[in-house]
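# structure of the sequence below:
(chains A and B)
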Amino acid sequence: MGQEKIIVCSWNVNSIRARISTFKEWIKEKKPDVILLQEIKARNEAFPYQDLAEFNYNIIVNGQKSYNGVAIMSKYPISDVQTSFGKTEEEIPQARYIEGWINFKNKGLRVASVYAPNGNPVGTEKYKYKLDWLKVFTKYAQKKIEEEELFLFGGDFNICPYKIDTANENMVEDDAIYQEEVKYIYKKILNYGYFDAFRCLNENQPGFTYWDYGQAFSNNLGVRIDHFLLSSYAMDKCDKVYVDIEQRKKNKPSDHAPLIAEFSF
DNA sequence: ATGGCTTTCTACGAAAGA
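Modelled structure (predicted):
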């Protein structure tokens, strides 16, 4: 009868294998229903399924050697899996996208794990690749919102959209995450009808999700570049979004902290 | 930060990350 709570998390783990022990501790603590992973840095066959078997997740992986790689872990069955989002070649050589339908108790939710290119330094081929990738992604986002589903994108967008999302504008003014044309793309996606779930529910908090290795975290020189973008139908069910900053304090942490969203169905 | 950290790879330095 009562409302069903669902916890969906997104985390750029910066290598799933290097992070496996803290990742397992975190799962025990937060007990997420759905986990969207980015930068797993492993081929599909190198994903540590055995280490995670005790948690009984359904797991889908879009990995590659050395770099990038995304995955989705779900307590509920996953169907309708897709790893590409456009017709062009841009996203094919790099594993940066995976989506699936999460089936739970006659209800459901479509989720996607997104890892947009970094794009530094600005003005290089890498930056062009980022813009091209984001253009294809934007088109797909527009198509998806028209399907009027309970849908969300979660992941590392490598976009710091507003001034409030950075500790210091001087720190990022030359960075590919803070270029006007990149921020414009983010706002364009929102204009299609997506809700920036963290910002909707936490108006005045910075919500940093990334701090560079070194002294950045102790000085809180962070940026908010990981996001949940929700369709209105998903936003309607979202109660809370927060950054699990405790994970950034651990030994050998990822440089990103997890983003956690709670839903009531 | 001009990666000053961190991870990966048929590795012992280079590439990539943001």
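# where does A:K107 land on pLDDT?
For A:K107, the pLDDT comes out at 85.
# leaving out chain neighbours, which residue sits closest to it?
Excluding its sequence neighbours, the residue lying closest to A:K107 (C-beta to C-beta, 6 or more residues apart in numbering) is A:F265, at 5.4 Å. From N, CA and C alone the C-beta is placed, and that goes for glycine too.
# any low-confidence regions in the stretch 101-250 of chain A?
Across the stretch 101-250 of chain A, not a single residue meets the criterion (pLDDT under 70).
# now with 90, please.
Flagging of the stretch 101-250 of chain A using pLDDT under 90 yields the residue ranges A:104-107.
# all strands in it, in order from the N-terminus.
Secondary structure of the stretch 101-250 of chain A (DSSP state E, counting those that start in this stretch): strands at A:107-115, A:151-156, A:195-196, A:210-211, A:222-223, A:226-230, A:238-243.
# work out the gap between the longest one and the centre of the chain.
Strand A:107-115 has its C-alpha centroid displaced from the chain centroid by 10 Å (C-alpha atoms, centre = their mean, to the nearest Å).
# neighbouring strands of it in the sheet, and parallel or not?
Under the criterion DSSP bridges, strand A:107-115 sits next to strand A:97-104 (antiparallel), strand A:151-156 (parallel) in its sheet.
# most tightly packed of those strands?
By mean neighbour count, with neighbours taken as mean count of other C-beta atoms under 10 Å, strand A:151-156 ranks first of the strands paired with strand A:107-115 at a mean of 27.
# re earlier: now the strands of the stretch 101-250 of chain A in a markdown table, with distance to A:Y67?
Listed next are the strands of the stretch 101-250 of chain A as a markdown table, based on distance: least, C-beta to C-beta, whole Å:
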| stretch | distance to A:Y67 |
| --- | --- |
| strand A:107-115 | 10 |
| strand A:151-156 | 13 |
| strand A:195-196 | 27 |
| strand A:210-211 | 17 |
| strand A:222-223 | 21 |
| strand A:226-230 | 18 |
| strand A:238-243 | 24 |
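# of all these, which one is nearest A:S74?
Closest to A:S74 of those, according to C-beta to C-beta: strand A:107-115, at 8.0 Å.
# related to what we said a few turns ago, and of the strands of the stretch 101-250 of chain A, who's closest to A:I185?
That would be strand A:226-230 among the strands of the stretch 101-250 of chain A, by C-beta to C-beta, at 12.1 Å.
# that closest one vs strand A:107-115, what angle?
150 degrees (axes from the mean of the first three to the mean of the last three C-alpha atoms, to 10 degrees).
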